[in-house]
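Novice: Make a model of this:
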Amino acid sequence: MPEQPNQQQKKIGEKPSSDLALELTRTNSRLRLIEDSVENIRSKLQITTENMLSSDRDIRGDIKVMTSEIDELNGKLSDMKEKIVSMISEIKKYSKKEDIIVLKKYMDLWEPLNFVTHAELEKAIAELINQQNNQKV
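Specialist: Numbers count the residues shown, from 1 in each chain. Reported below is the predicted structural model:
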């Protein structure tokens, strides 16, 4: 019986070579899967980095375009403000409603449509002179 414990110790301490080869094959397969996964991750990371750089360039270009459009709009807005200020100053020069009402009252009082022209006045004076000359004769 002393040989049995030695054989059991050998079996416990050592694996047969076929078990070891199988374990190495499994480990090698796992390692290859991990390497493939790492390579896929590297590839995806590279693609993602390139896409981010491309997007960054596009966004920077869009920002430049928007900035120039905003500057153009600011210029137009400034021009509009100047024109509005000019229009307001011109409108302030116009007569007020109260002034127009006063003028209307004076016009109604004087009735300028009943005024005579120089030609009408001269004609009326000439007629009066003729009438007086005719009455004297």
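
Novice: quick check, distance from stretch 76-91 to the centre of its chain.
Specialist: Offset of stretch 76-91 from its chain centre (CA atoms, centre = their mean, to the nearest Å): 23 Å.

Novice: what does it contact?
Specialist: For stretch 76-91, there are no surrounding residues in contact (CB atoms under 8 Å, 6 or more residues apart in numbering). C-beta coordinates here come from the backbone N, C-alpha and C atoms, glycine included.

Novice: Tell me how far whichever strand or helix holds residue 46 lies from the chain's centre.
Specialist: Residue 46 belongs to helix 17-93 when assigned by DSSP states H and E. Here helix 17-93 is found 20 Å from its chain centre; the criterion is CA atoms, centre = their mean.

Novice: That helix - what's its average pLDDT?
Specialist: The predicted model gives helix 17-93 an average pLDDT of 96.

Novice: Stretch 122-137 now?
Specialist: 89.

Novice: how far does it sit from the chain's center?
Specialist: Per CA atoms, centre = their mean, the centroid offset for stretch 122-137 relative to its chain is 83 Å.

Novice: Begin at 4 from now on, thanks
Specialist: Sure, I'll start numbering at 4, so the last one becomes stretch 125-140.

Novice: List the buried residues in it.
Specialist: For stretch 125-140, the neighbour count (16 or more other CB atoms under 10 Å) marks no residue as buried.

Novice: Using CSV, write down the CA coordinates of it.
Specialist: Only the C-alpha atoms of stretch 125-140 are listed here, as CSV (Å, rounded to 0.1, in the frame of the first residue of the first chain):
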residue,chain,number,x,y,z
GLU,A,125,-56.6,145.6,-60.9
LYS,A,126,-59.6,144.6,-62.9
ALA,A,127,-62.0,145.7,-60.2
ILE,A,128,-60.2,149.0,-59.7
ALA,A,129,-60.3,149.6,-63.5
GLU,A,130,-64.1,148.9,-63.5
LEU,A,131,-64.7,151.3,-60.6
ILE,A,132,-62.6,154.0,-62.3
ASN,A,133,-64.6,153.5,-65.5
GLN,A,134,-67.9,153.6,-63.6
GLN,A,135,-66.9,156.9,-61.9
ASN,A,136,-65.8,158.3,-65.2
ASN,A,137,-69.0,157.3,-66.8
GLN,A,138,-71.1,158.9,-64.0
LYS,A,139,-69.2,162.1,-64.3
VAL,A,140,-69.7,162.4,-68.0
